[in-house]
Each structure stands twice: as structure tokens, then as C-alpha cells.
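Trainee: Predicted coordinates and the sequence they were generated for:
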Amino acid sequence: MDVKGKITELFDTQKVTDSFQKREFVLEYTENPSYPEFLKFELIQDRCALLDSFNVGDEVRVHFNLKGRKWTDKQGVVKYFNSLQAWKLESDSEGVDTPPPPEQDWVSGGEGDESSDVLPF
């Protein structure tokens with residue numbers, strides 16, 4: 001999954017344990033400019049350094065995985081948690097979408113053969 005938006009907040013890297021660290025940031029996502037959404041992402045382990053070259057106000061494309069966990073507390077109450085775990089950040093300061101890679105022709109292995117009506121499934 002990916003989403004484009006503006007970085008509104010950057011947090012310091014947190015060392016959770018001796019072998020685990022994470023870093024969080026907030027992205028303003030404006031699919032509907034009248035109602036912007038503020039999405040909190042996390043980066044883990046060596047990915048924490050991905051934020052080092054970005055600043056508040058930068059326009060970025062965030063590639064992420066949606067993660068969910070189930071946890072039972074000491075009283076036996078089940079709780080659910082979701083997180084948006086970023087794994088790649090791309091500068092989008094020009095505001096121009098990067099075109100997708102060319103379509104693969106599944107029959108011949110060539111790229112962009114528009115004469116083929118064969119579906120890849």
C-alpha cells in the first residue's frame with residue numbers, strides 16, 4: 001500500500017528493548033481537502049534512518065504495510081491494535097506522480113505489447 005501526503009510531525013527514534021527500536025511520524029493525507037486525515041506511521045529497526053533526510057513540511061509517498069495484533073490483558077479482556085508500518089519513503093516535492101512501470105506482456109515476456117489480448121490469469 002502507499003499514500004501521498006505532507007509530513008507534519010517527526011519523532012525521535014525510541015529504543016524499546018536492547019534489540020528493538022522504532023521511530024514514528026505523522027502524515028497529513030488530504031484525499032478530501034475539507035477533511036484532512038492525520039496518519040501516524042512507524043518505522044522499525046534499520047528503517048528508522050529513512051526519516052533522516054526528511055523534514056516537517058516535506059511532501060512524500062509512503063509505502064507501508066497494515067499490521068494488526070490481538071492482545072489479552074491480565075483481566076482477560078481482548079484488545080486489538082493496528083499499526084501502519086512504513087518500509088519506504090519517496091520525496092514527492094514536485095507533486096507529480098511517478099508513472100507505473102510498463103505493463104508486462106505475459107505471453108511473450110515483452111513489455112507494452114498492446115496487440116496481446118491475453119490476460120495474466
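Mentor: Arrived safely.
Trainee: Buried ones in stretch 66-86, by neighbour count?
Mentor: Neighbour counts over stretch 66-86 (16 or more other C-beta atoms under 10 Å) mark 83-84, 86 as buried. For the C-beta atoms, the positions are set from N, CA and C on the backbone; glycine is no exception.
Trainee: can you redo these as TSV with pLDDT and secondary structure?
Mentor: Shown next, in TSV, are those (pLDDT from 0 to 100; DSSP: H, G, I helix; E, B strand; the rest coil):
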residue	pLDDT	secondary structure
83	95	strand
84	97	strand
86	97	strand
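Trainee: would you turn those residues into TSV with distance to residue 62?
Mentor: What follows is those, written out as TSV (distance: C-beta to C-beta, whole Å):
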residue	distance to residue 62
83	13
84	8
86	5
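Trainee: What is the nearest of the residues you listed to residue 57?
Mentor: Closest approach to residue 57 among these (C-beta to C-beta): residue 86, at 17.8 Å.
Trainee: wait, the closest one sits on residue 43?
Mentor: Yes: counting by C-beta atoms under 8 Å, residue 86 touches residue 43, with 5.2 Å between them.
Trainee: Which neighbours do those two have in common?
Mentor: Common neighbours of residue 86 and residue 43, using C-beta atoms under 8 Å, 6 or more residues apart in numbering, are 25, 50.
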